[in-house]
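Undergrad: I'll drop the sequence and a predicted model, then ask my questions.
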Amino acid sequence: MNGKVNYFTSYIQRIKDTKKIASEKNIGKWIIPVFESALVVAYLSWELTFGVWVAAISLMGIVLLTIFDKVIIFFIYIHAYINKIIFQMIGKLDMYFWKKTGRDTVITNFIWKVQGKYMSKSKRQKKTLNVIFVISIVSYYGWLVMT
């Protein structure tokens, strides 16, 4: 019995360790790779066990308990890579605009301005904007899946 408890304790610790990795890789929202990992695990379980509902639940549980922390780490690395590419692109665009117009950090200043406007909103307005954003993303991907 003690071995099972140790496994779950170490499993929870491995999931918590992914948060540290995300912090090291400058991923601001750790929950995004976790959510993506859960979606991928659920989708893979669904595809692998289509039509076998009981086995699907069992397989998802097995996959969740064995490789979920690895899938989270995979998405953390993907986000870190994407962040690196985005920051490089912003730097290149800023340099391009500086060469063309002589204005310094055009893109960066625009991003700061938009972020400042968002941060100045009330908590309720932020939640409303987030809900609208999530609904639009879900609608878009739902439309892609349905067509």
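TA: Looks like it arrived, so ask away. The shown structure was predicted, so the numbers you read here are calculated from the model rather than taken from an experiment.

Undergrad: what residue is smack in the middle of the chain?
TA: residue 32 (2.7 Å; C-alpha atoms, centre = their mean).

Undergrad: check contacts around that one.
TA: By C-beta atoms under 8 Å, 6 or more residues apart in numbering, residue 32 lies in contact with 75, 79. To be clear about C-beta, it is placed using only N, CA and C from the backbone, and glycine gets the same treatment.

Undergrad: And it, which helix or strand is it part of?
TA: Assigned by DSSP states H and E, residue 32 falls within helix 31-48.

Undergrad: And for residue 118?
TA: helix 106-119.

Undergrad: Export that helix to PDB, keeping only CA atoms.
TA: In PDB, the C-alpha atoms belonging to helix 106-119 read as follows (Å, rounded to 0.1, in the frame of the first residue of the first chain):
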ATOM      1  CA  VAL A 106       7.600  50.900 -32.700                       C
ATOM      2  CA  ILE A 107       6.300  47.400 -32.200                       C
ATOM      3  CA  THR A 108       7.500  47.200 -28.600                       C
ATOM      4  CA  ASN A 109       5.900  50.500 -27.700                       C
ATOM      5  CA  PHE A 110       2.600  49.400 -29.300                       C
ATOM      6  CA  ILE A 111       2.600  46.100 -27.300                       C
ATOM      7  CA  TRP A 112       3.300  48.100 -24.100                       C
ATOM      8  CA  LYS A 113       0.400  50.400 -24.900                       C
ATOM      9  CA  VAL A 114      -2.000  47.600 -25.600                       C
ATOM     10  CA  GLN A 115      -0.900  45.800 -22.400                       C
ATOM     11  CA  GLY A 116      -1.300  49.000 -20.400                       C
ATOM     12  CA  LYS A 117      -4.800  49.500 -21.700                       C
ATOM     13  CA  TYR A 118      -5.700  45.900 -20.700                       C
ATOM     14  CA  MET A 119      -4.100  46.200 -17.300                       C
END
